[in-house]
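> Please work out how this folds:
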Amino acid sequence: MLQDAPTLTDVARLAGVSEITVSRVVRNKGPISRSTRERVQAAIEKLGYVPNRAAGALASAGAPLIGVLLPSLSNIVFPEVLRGIHTALASTGYQPLIGVTDYDPVKEQEILSSLLAWQPAAIITTGFEHTDASRRMLSSSKIRVAELMDTDAEPIDIAVGLSHRRAGFDTGRHLISRNYRRFGYVGHDWNADHRARLRYEGLRAALDEAGLELKAEERFDGPSSTMAGRETLAALLSRKPDLDVVVFSNDDMAVGGFFHCLSANIRVGQTLGLFGFNGLDIGQALPLPLSTIRSNRFAIGRIAVEKLLETGQRPAEKLIVDTGYEIIAGATA
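Numbers count the residues shown, from 1 in each chain. From the prediction side, this is the model:
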């Protein structure tokens, strides 16, 4: 059963101050001692309290809002998700409020608090990795919440995406069926990209089932990029030159790996197989189309909005929508 959202009165009671003091802290108005401000902020975080800034402003203007939190707009994956969101919202009268978290849960918490203060009709966020305070705010708000890209955990309300662990497992089985046996892995920062780690775990599970193992792996300490993929594959092959296939954390990294192979005169698809994830156009535009998995990013954004707007009330039953994926055989593995 959904609990009532915490109120300003609840915060005041927990912090041991007056409601006026809480209001001043929330609005950052008037002289407040540092210790009092810290007590109030701690109570706000513990309760998941969100002030209603819309009451005297935006709500009276009659502009319904959907809060959208994405980890990046430079990664082509998320603009495609946003395009799906925009398409589904186009004829509804709802307007998106967009925040970019840079894969930082603390930054997500800060943006989320600001978005919820405007009392949006719904919040769309990415993945299940939230701070405790963010989860409390989302859980207690009672508004509709969609967590995108992943289905490997229980959602707050709705999850729309795919099982990354299963995608990694199917990657391993596909490559094993093509007679690859000496596997390597090239990845990027798992702290920022939890879904990449789930795919890695699925790959390991598929290899283990077949009595195989990763012969070598190398991870770049930072976000994925073409240059990171090129440099990291070079480092991997300098240690383990006899691999017959390398699985990359995503297509950005795999495209960089392809360029390394060109410069090192490694025959891709013959001497060494390369496999990515996401199904980006750039991978399919290579001289040899990249072998990869294509996720349904546009559909993820579109379906999330459609499901959120089916009812304004959060249902008792949580919903998981699996948008699936497609293995692209390509020519690199």
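> which regions of the stretch 51-200 of the chain lie under the pLDDT threshold?
Residues of the stretch 51-200 of the chain meeting the criterion pLDDT under 70: 51-63.
> Tell me where the protein has helices.
When assigned using DSSP state H, the helices of the chain occupy the ranges 8-15, 19-27, 34-47, 58-61, 77-89, 105-116, 132-141, 164-177, 194-209, 226-239, 251-263, 281-284, 297-308.
> buried sites along the fifth one?
When neighbours are counted by 16 or more other Cβ atoms under 10 Å, the buried residues of helix 77-89 are found to be 77-82, 84-86, 88-89. For glycine as for every other residue, the C-beta is placed from the backbone atoms N, C-alpha and C.
> Can you pick out the most distant pair from those residues?
Based on Cβ to Cβ, the longest span within the buried residues of helix 77-89 runs between Val77 and Leu89 and measures 19.3 Å.
> Now do the contacts for Tyr82.
Actually, residue 82 is Leu. It isn't Tyr. 68, 70, 73, 98, 301 (Cβ atoms under 8 Å, 6 or more residues apart in numbering).
> typed the wrong thing, it's Ser72
78, 100, 102-103.
> And those, which is closest to Gln284?
Phe78 (19.1 Å).
> which ones are touching that closest one?
70-72, 126, 297.
> Touching, Val247 and Tyr180? I think so.
No - taking Cβ atoms under 8 Å as the definition, Val247 is not a contact partner of Tyr180, at 9.4 Å.
> Comparing those two, which shows the higher neighbour count?
Ranked by neighbour count (other Cβ atoms under 10 Å), Val247 and Tyr180 place Val247 first, with 29 against 20.
> sorry, back to before: which one of the contacts of Phe78 is nearest Tyr94?
Nearest to Tyr94 among the contacts of Phe78, with distances taken as Cβ to Cβ, is Leu70, at 16.8 Å.
> Could you give the number of residues near the closest one?
25.
> Now it: closest residue in space that isn't a chain neighbour?
Phe78 (4.7 Å; Cβ to Cβ, 6 or more residues apart in numbering).
> Could you report the distance from the one you found to Arg181?
35 Å (Cβ to Cβ, to the nearest Å).
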